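1. here's my sequence, what's the structure:
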Amino acid sequence: MSSSDSRPRVGGRVLHIGILVFIGFSTLIGALSWHQLLHAEAYHRKEAGQTYRRILKEGARGSIFDRNGNLLAGNQPRFWAGVFLNELRTEFRERYREFQRNPDAMKGSGAATSLTWAARMSVLKEKSAFLSSIIGREVTLDEDRVRNHFARRLILPLELCTDLNRDEYARLVEQLSPESPIQIFSEPIRFYPFGSAACHSIGYVSQGDIEEVDLGTDDFEGIRSFGIKRRTGKSGLEASMDDHLRGGIGWDIWRVDPLGFQFEKVSSKDAVQGNDLKTTLDIHLQMYGEALLKGKKGALAAVLVDTGEVIALVSQPGYNLNDFSPVLKQSTFDTIDSEGGWLHRAVQGLYPPASTFKVITALAALQIPEYQPLKEIYCGPSFTLADRRFRENRAQGHGYVNLTKGLAVSSNVYFYKLGFETGIDRIAKQAKLMGLGEPTGIELPYEARNSIVPDPEWKRSIGRGGWLHGETINVAIGQGDLTVTPLQMAAVAASIAGKRNRTPLTLIHGKGPAIPETPPDDPLLKHFELVTEGMLRCVQSGTGSVMRTEGVSIAGKTGTAQVFPGGVEKNLAWVIAFAPVEKPAIALSVLIEDTQSDDPIYGGRTTGPIAKALILEYLKQLGTPLSQTE
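-> Next comes the predicted model:
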């Protein structure tokens, strides 16, 4: 075959190969293009994750006010000095080259691991020394903290000096040049204008890193977020109303370079301040009550009879809420702990109610058709049940006593007999009807949930066997296993004043549940009137006579209980009261721990003056002339 005959065949093979190559390249390009289109969104997210960072910002918490608009918890700026590390990169490089040329210059840099870290720490220590020269106090740097910041929070400013006072802040504003890499930052922290007033009820906040935050969706979904420390309510209304008070999250989105330094801000969203909260507290009355309990351990709870609004809720000892802002010192924590100041005694303290409970025993007995409350029975020095004698609170007894006199003089023997005849089932039922044995539902965290109204079923449930008659008469006078909180007893006083079985309580202004009125033909009205008469006699001529005030009709019931914490006998002084009797406005309870064991008027001498003073102060605020309440 000649060479001329083979040329077409070679040309044909080249053509075929060319076609195959073209098809192959076309397929490859098509596949790559399809893959690019198919995964474009994923590539975009990956690029964004490497290129952008989100810096979260928290809005200020909402403010807390008392019922009259006085600020109880607000915000004030906390100033601190810091520096964005990207603004020091030139200085870092220059210091690095200097150390390369002269290794002896590294002495005193504080970093022995590498030239890079020696240069960084040297520059940062210079900045700290410069700050110290302006504010007049030493500014120190912890290398571990700096390393952690470089590794995890490079895009955020490094704190050099925290908690600047106003004088230090003013000096820095005056002396720092606009070109200085050191900047002054501010953030809102909690401020409590009244210090320790209502500390347990207002509560405090503490800091913690932002964790799970719903950021919604945007073009930068999935990029790395850097959070500031978020403040969260830990006690009181700050905790229970945290979602309401907490500020909304905002952010800045920055483009960063390959090393993670800030480069350009590309997007932002403003943080939103939290919602304000108006409480039912009257801060003037609250502080007045705290002054009355100063130097004592105890509690006071005052309630508006018509609405169930809590206007004062005192627990002593307490603490200054401003000590928690921005951070509580360990020494302050230890002091509060040693004084027993953490316990909110008004809502968490559990105590036997003593003779204040006799009003409930009386209401339970009045449910029995055969009971004759005005009939007098002889009450001698003691009451005997089986082979056991239960003593009266007066050595010679009280003579002939009916219900109202029994409440007035707090006759134990009368209520031993009345409790025995009424029975534990009726007494326990009436106590539970009035809200004992369960939380009041006040809008505070950690309210005591284990108060006890003992009865046969309860005793069997804890494995202590059958019920004894002696236990009934102990419960009838507010002793035995019976436990209540001062707030519960304030609610009981408000219910008697309002002639109803239960008074729902609230600390949130305008949010209280409606309180139903007792129908005028309800026989319960007569029962409450008899108990009120006994409580009025208690103040006029009985154990609460220290509360007697010309021109003001106060109804009250005193009590003294014995407890044995750690085997040591201690007394508790009680009083519940309300006024004016003709048209009750305020009801309260007062409890004082560790009263003298020889208190001869059954708690009245200790707690009565406190209750009287608070009632008169409240009526004075109302502008009620005393002559109108005679």
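2. the strands in the stretch 151-300 of the chain, which residues?
-> 158-164, 182-191, 205-209, 224-226, 229-233, 249-256, 262-269, 277-278, 298-304 (DSSP state E, counting those that start in this stretch).
3. could you pull out the strands for the stretch 351-500 of the chain?
-> Secondary structure of the stretch 351-500 of the chain (DSSP E, counting those that start in this stretch): strands at 377-379, 382-385, 388-391, 399-401.
4. quick one: distance of the last one to the chain centre.
-> Mean C-alpha position of strand 399-401 versus that of the full chain (CA atoms, centre = their mean, to the nearest Å) differs by 49 Å.
5. just checking: what are the partner strands of it?
-> strand 377-379 (antiparallel) (DSSP bridges).
6. give the buried residues for the strand it pairs with.
-> Going by neighbour count (16 or more other CB atoms under 10 Å), the buried part of strand 377-379 is 377, 379. (C-beta placed from N, C-alpha, C; glycine too.)
7. re earlier: pick the most deeply packed of the strands of the stretch 151-300 of the chain.
-> Sort the strands of the stretch 151-300 of the chain by mean neighbour count, taking mean count of other CB atoms under 10 Å, and strand 298-304 sits at the top with a mean of 29.
8. tell me which residues are up against that strand.
-> Identification of contacts with strand 298-304 by CB atoms under 8 Å, 6 or more residues apart in numbering yields 280, 285, 289, 292-293, 309-316, 345-346, 349, 486-487, 489-491, 493-494, 503, 505, 585-593, 610, 614, 618.
9. what's the mean pLDDT across it?
-> For strand 298-304, mean pLDDT rounds to 98.
10. can you check stretch 566-573 too?
-> 85.
11. ditto for stretch 58-69
-> Across stretch 58-69, pLDDT averages out at 94.
12. in stretch 524-534, what counts as buried?
-> Along stretch 524-534, these residues count as buried under the neighbour rule (16+ other CB under 10 Å): 527-528, 530-534.
13. in helices, which of those residues appear?
-> 527-528, 530-534 (DSSP state H).
14. distance of I135 from E174?
-> Distance of I135 to E174, computed by CB to CB, to the nearest Å: 11 Å.
15. looking at the two, which is more packed in?
-> Neighbour totals were compared for I135 and E174, and I135 leads with 18 against 8 (other CB atoms under 10 Å).
16. residue contacts, that one?
-> Per CB under 8 Å, 6+ apart, neighbours of I135: 161, 164, 168, 171-172.
17. just give the closest residue to M241, not the sequence neighbours.
-> L277 (5.7 Å; CB to CB, 6 or more residues apart in numbering).
18. out of the contacts of strand 298-304, which are inside helices?
-> 285, 289, 292, 345-346, 486-487, 489-491, 493-494, 610, 614, 618.
19. hmm, back to that, buried subset of the contacts of strand 298-304?
-> Using 16+ other CB under 10 Å as the threshold, 280, 285, 289, 292-293, 309-316, 345-346, 349, 486-487, 489-491, 493-494, 503, 505, 585-593, 610, 614, 618 are the buried ones among the contacts of strand 298-304.
20. hang on, the earlier thing: partner residues bridging the residue nearest to M241?
-> With DSSP bridges applied, L277 shows beta-bridge pairing to I64.
21. can you tell me the strand partners of the lengthiest strand in the chain and which way each runs?
-> Longest strand in the chain by number of residues (criterion: DSSP state E): strand 71-83. Strand partners for strand 71-83, identified by DSSP bridges, are recorded as strand 64-65 (antiparallel), strand 158-164 (antiparallel), strand 182-191 (antiparallel).
22. next, count neighbours for G203.
-> 26.
23. pLDDT score assigned to it?
-> At G203, pLDDT is 97.
24. just the pLDDT for the closest residue in space to it that isn't next to it in sequence.
-> Leaving aside its chain neighbours, G203 sits nearest to G236 (2.1 Å; criterion: CB to CB, 6+ apart). On pLDDT, G236 comes in at 97.
25. try the one 3 residues further on
-> Among the per-residue scores, A239 shows a pLDDT of 96.
26. correct me, but it touches G233?
-> Yes: if you go by CB atoms under 8 Å, A239 and G233 touch, sitting 3.9 Å apart.
27. I appreciate the help and will end here.
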